[in-house]
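Engineer: Task: produce atomic coordinates for the following.
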Amino acid sequence: MNLKTELDPHPVRTPSERELPPPCRGRGIFALAIAVMFAASAAVAAEPQGNAKNGEANFLKYGCYTCHGTWGQGTGRDGPRINPPMPYPALLQQLRTPRYEMPPFTAAVISDQGVADIYAYLASLPKPPDPKSVKALQ
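Structural biologist: As a prediction, the model looks like this:
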């Protein structure tokens, strides 16, 4: 017997003596991915239901139209097109912590329900035509 092996609880092993990982080790990552998917779907299910009529009123009340146009078409100068709208969580985040020059609309200014109403308004608007279908652009 080797004295070093008896005293060292973690003896150095050759590659052939090392334990191979069990085949189910990757399942932990798979289970984590499934859990994240369920959490994301629960967050989507928890989104408040919006009212398009109230959303139109909020869109005008908070001045969204001044940069994004009355129908969310964008102005080409100040605000980008938001019709069709981005996903609700992205819209909420953009309103709360905006990028670029947009002012923040915190929960003290407009509630999550008010944002959901604006989202419903934008989602209810007719989608812009495909540029390939507009003869004047051909």
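Engineer: alpha carbons only for contacts and neighbour counts from here, please
Structural biologist: Noted.
Engineer: Now do Pro89: how many residues are near it, please.
Structural biologist: Counted with other C-alpha atoms under 10 Å, the neighbours of Pro89 add up to 13.
Engineer: can you check His68 too?
Structural biologist: Quick note: His68 (other C-alpha under 10 Å) scores 21 neighbours.
Engineer: can you pull the contacts of it?
Structural biologist: Contact partners of His68, counting by C-alpha atoms under 8 Å, 6 or more residues apart in numbering, are 74-75, 78-82.
Engineer: Write a PyMOL command that selects only the buried members of these.
Structural biologist: The following PyMOL line selects those of those that are buried, judged by 16 or more other C-alpha atoms under 10 Å:
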select buried, resi 74+79+81+82
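Engineer: Would you map the helices across the protein?
Structural biologist: Listed in chain order, the helices of the chain (DSSP state H) span 3-7, 27-45, 52-61, 64-68, 88-96, 112-124.
Engineer: Could I get the buried residue list for the fifth one?
Structural biologist: Meaning helix 88-96. For helix 88-96, the neighbour count (16+ other C-alpha under 10 Å) marks 88, 91-92, 94-96 as buried.
Engineer: Equivalent analysis for the third one, please.
Structural biologist: Applying a neighbour-count criterion of 16+ other C-alpha under 10 Å, one finds 52, 54-56, 58-59 buried in helix 52-61.
Engineer: Can you spell out which helices and strands pack onto it?
Structural biologist: When contacts are defined as 3 or more C-alpha pairs under 8 Å, 6 or more residues apart in numbering; DSSP states H and E, helix 52-61 packs onto helix 112-124.
Engineer: Just the CA trace of the helix it packs on, in CSV.
Structural biologist: Extracted C-alpha coordinates of helix 112-124, given in CSV (Å, rounded to 0.1, in the frame of the first residue of the first chain):
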residue,chain,number,x,y,z
ASP,A,112,-49.5,48.6,-15.3
GLN,A,113,-53.2,48.4,-16.2
GLY,A,114,-53.0,51.7,-18.0
VAL,A,115,-50.0,50.4,-20.0
ALA,A,116,-52.0,47.2,-20.7
ASP,A,117,-54.8,49.4,-22.1
ILE,A,118,-52.3,51.3,-24.4
TYR,A,119,-51.0,47.9,-25.5
ALA,A,120,-54.6,46.8,-26.3
TYR,A,121,-55.2,50.0,-28.2
LEU,A,122,-52.0,49.5,-30.3
ALA,A,123,-52.8,45.8,-30.9
SER,A,124,-56.3,46.8,-32.1
